[in-house]
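Peer 1: here's a sequence, model it:
(one chain, ligands or ions: 3)
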Amino acid sequence: MPVHNQDIAAIFDEIADLLELQQANPFRIRAYRRAAQTVRSQPRELAERVASGRALQDLPGIGDDLAAKIVEILGTGRCAALDKLKRGVPEGLEDLLHLPGLGPARVRLLRRELGITSLARLRAAIEKGRLTEVRGFGPKLQARLAEAIANPVTGKRALRATAARYAASLVAQLQRVEGVETVTVAGSFRRGSDTVGDLDLVVSSRRPAAVMKAFTGYDEVRAVLAAGDTRASVRLASGLQVDLRIVPRASYGAALHYFTGSKAHNIHVRRMGQRRKLKINEYGVFRGREQIAGETEESVFASVGLPFIPPELREDNGEIEAAAGGRLPALVERADLRGDLHVHTSATDGTATLTEMARAARAAGLQYIACTDHSRYLGAYRGLDAGRLAAQLDEIDRLNAAGGRLTILKGIEVDILEDGSLALPDDVLGRLDLVIGAVHGHFGLGRRRQADRLLRALDHPHFSILAHPAARLIGEREPIDVDLERVVRHCAQRGCFLELNAQPQRLDLDDAGCRLAAEHGVLVSIASDAHRPEDFACLEWGVTQARRGWLGAANVLNTLPLARAKELLYRTMS
Ligand code: DGT
Ligand code: CA
Ligand code: CA
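Peer 2: Ligands and ions are numbered 1, 2, ... in the order given. Predicted coordinates:
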């Protein structure tokens, strides 16, 4: 069974939890937490890294001991150290740790005072009012705990890109089952949400039993939560839940539409059906007992007088009205992108040389890229100072002069400092084709100061593109508090652009930000922020996000031919 990064991280987190329960050395606990974090944030599977012979010890926070544990987990799916820890703790005690408001100290207290070692015992104790005897467990906390036990959280939402990895091998497996016609991942995944709560598979097949067997027997399944003749739910070893629905071909479009959602979109479409005396559900579109549509999604939409609506728009955010009025936008597609305006090299924190990155960009079908390594301000990045930047510009001139089908623009990703000034002098920035400015610190400024800071940066004579405007890291760092509309309006005035950073953990601008940009006529740069040759594949995630934000090719800066893009990007004093 393949072991994913997520699985390794989960084991390290569990070890940290158990160590906390045992009041182990805080440094040890932190080491495991940090390792879990490192492993989780790796863009590539550690299994591949180990297979290719690259040392794990190069990763931050991974020493010999943790590296050995990773190798053990990759080889066996288990970790002896975890198994040993588990033997020292009553089964179920760990579950208590995951309840809101319960840290290790409180869990120990509950165990000591009331002998509570499981969710079931805790629930019973709350019902009997016994928790009131324990210090610190007021009525508010008790209510929260009761609520959390009654509605268990299914864990964190997975990044879309992470879920895609798990989905791919499962889908491939199901496609090989005899009698299977189509397998589609529906739900929020198909709508292109940046994160997904679970995966929803819709399979069309004449032989549901065979599909069911393959699904529940899939080697990454850790628990079967429910299984009937045509529907099932499982939890994968990664923690991700997958729901399955098997339908006959005649219902496939209706089921796909239903399970793609969103729920609000479905309800709206169903109501339109009711007005036409139609019943629309996951089995089809019915007039009385007769099925009149449902084999394809198009037929479902047509039954209520609508054209096909792309899944990314199905949030009941005006798409149904737009479709009815013939005003659906033609959404941008990956093939529309001609360039990528945010690319790093090994001159700073990338892994590959400019030549290698250029080769990969060409292989990804691009005509131009902008080399935008980091400015020097942040020591950790080995950022460029004026001298090293000059050397890089010479290299770009040489590569461009050598001909070839890819043009490299001269750029930089310069830090926007706390006061909105840029981290390199004007005369240096003025030599470049474009200047990307980015917030990499001082995330916590108040709403007003944050906007003032960004506006001041946009006022800079050479500023071209505001990178990852909200500076969020999904699941890790909240977006900065800023009035985005003010920023967008200022971009429009200044002739600046906004980036949609396509890294799976950023996807920043978000969908609402994209709509705002389009409303104000600000072009969006869908950029990979590539640090590795493989990262150009991220453009796909960015395009999906842009589509969720209703963007067409005309709203996207890097769909323009090179000459026009260059013209718009180069900013002189004004
Ligand atoms: P998620 O999993 O939280 O990222 O979001 P979804 O949208 O994938 O939600 P999920 O997995 O609960 O359900 C998948 C789809 O099934 C959902 O988008 C619409 C449909 N659906 C689920 N429950 C209902 C319901 O009560 N009514 C209707 N009309 N549709 C539903
Ligand atoms: Ca889902
Ligand atoms: Ca679901």
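Peer 1: could you use CA atoms for every contact and neighbour count after this?
Peer 2: OK.
Peer 1: any weak-confidence spans in the stretch 301-450 of the chain?
Peer 2: By pLDDT under 70, the low-scoring segments of the stretch 301-450 of the chain are 377-381.
Peer 1: name the residues that touch the helix-or-strand element of the chain with minimal mean pLDDT?
Peer 2: Per-element confidence for the chain was summarised using mean pLDDT, DSSP states H and E. The lowest value among helices and strands belongs to helix 139-150, with a mean of 82. Taking contacts as Cα atoms under 8 Å, 6 or more residues apart in numbering, the residues outside helix 139-150 that touch it are 99-101, 119, 123, 126, 131-132.
Peer 1: just confirm Glu499 is within a helix.
Peer 2: No. According to DSSP: H, G, I helix; E, B strand; the rest coil, Glu499 belongs to no helix; its state is strand.
Peer 1: who's in contact with it?
Peer 2: Residues counted as contacts of Glu499 (Cα under 8 Å, 6+ apart) are 465-469, 508-509, 524-527.
Peer 1: could I get the residues you listed as CSV with secondary structure?
Peer 2: Shown next, in CSV, are those (three-state DSSP):
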residue, secondary structure
Ile465, strand
Leu466, strand
Ala467, coil
His468, coil
Pro469, coil
Asp508, strand
Leu509, coil
Val524, strand
Ser525, strand
Ile526, strand
Ala527, strand
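Peer 1: just to revisit the earlier point, buried ones in the least confident helix or strand of the chain?
Peer 2: Within helix 139-150, the residues that count as buried by 16 or more other Cα atoms under 10 Å are 142, 145-146, 149.
Peer 1: and the residue nearest the centre of the chain, what pLDDT?
Peer 2: With the centre of the chain defined as its mean C-alpha position, the nearest residue by Cα atoms, centre = their mean is Leu159, 3.5 Å away. Leu159 is assigned a pLDDT of 90 by the prediction.
Peer 1: could you find the closest non-adjacent residue to it?
Peer 2: Thr195 (4.4 Å; Cα to Cα, 6 or more residues apart in numbering).
Peer 1: picking that back up, pretty sure the residue nearest to the centre of the chain is touching Gly197, no?
Peer 2: No. In this structure, Leu159 is not within contact of Gly197 by Cα atoms under 8 Å, at 9.1 Å.
Peer 1: give me the number of residues near the nearest residue to Leu46 once chain neighbours are set aside?
Peer 2: The shortest distance from Leu46 to any non-neighbouring residue, by Cα to Cα, 6+ apart, is to Asn5 (6.3 Å). Using other Cα atoms under 10 Å, the number of residues around Asn5 comes to 23.
Peer 1: mind checking how far Asn5 is from ligand 2?
Peer 2: In this structure, Asn5 and ligand 2 are 22 Å apart, going by Cα to the ion, to the nearest Å.
Peer 1: ok, the nearest residue to Asp385 once chain neighbours are set aside - contacts?
Peer 2: Of all residues not flanking Asp385 in the chain, Arg376 sits nearest, at 5.3 Å (Cα to Cα, 6+ apart). Applying Cα under 8 Å, 6+ apart, we find Arg376 in contact with 382-385, 423-424.
Peer 1: same check, this time on Leu201
Peer 2: Each residue near Leu201 by Cα under 8 Å, 6+ apart is listed here: 183-186, 242-245.
Peer 1: Arg489: helix or strand, and which one exactly?
Peer 2: Assigned by DSSP states H and E, Arg489 belongs to helix 484-494.
Peer 1: still on that earlier bit, and of the contacts of Glu499, the nearest to Arg447?
Peer 2: Pro469 (13.7 Å; Cα to Cα).
Peer 1: so that closest one sits against Cys491, correct?
Peer 2: No. Using Cα under 8 Å, Pro469 is not in contact with Cys491, being 11.6 Å away.
Peer 1: which residues touch the residue nearest to the centre of the chain?
Peer 2: Taking Cα under 8 Å, 6+ apart as the criterion, Leu159 is in contact with 194-196, 474, 504-505.
Peer 1: so what's Gly430 closest to, chain neighbours aside?
Peer 2: Taking Cα to Cα, 6+ apart, and ignoring the residues beside it in sequence, Gly430 has His462 as its nearest neighbour in space, at 6.3 Å.
Peer 1: look up phi and psi at Lys410.
Peer 2: The phi/psi pair for Lys410 (degrees, to the nearest 10) reads phi -90, psi 120.
Peer 1: okay then, goodbye and thanks.
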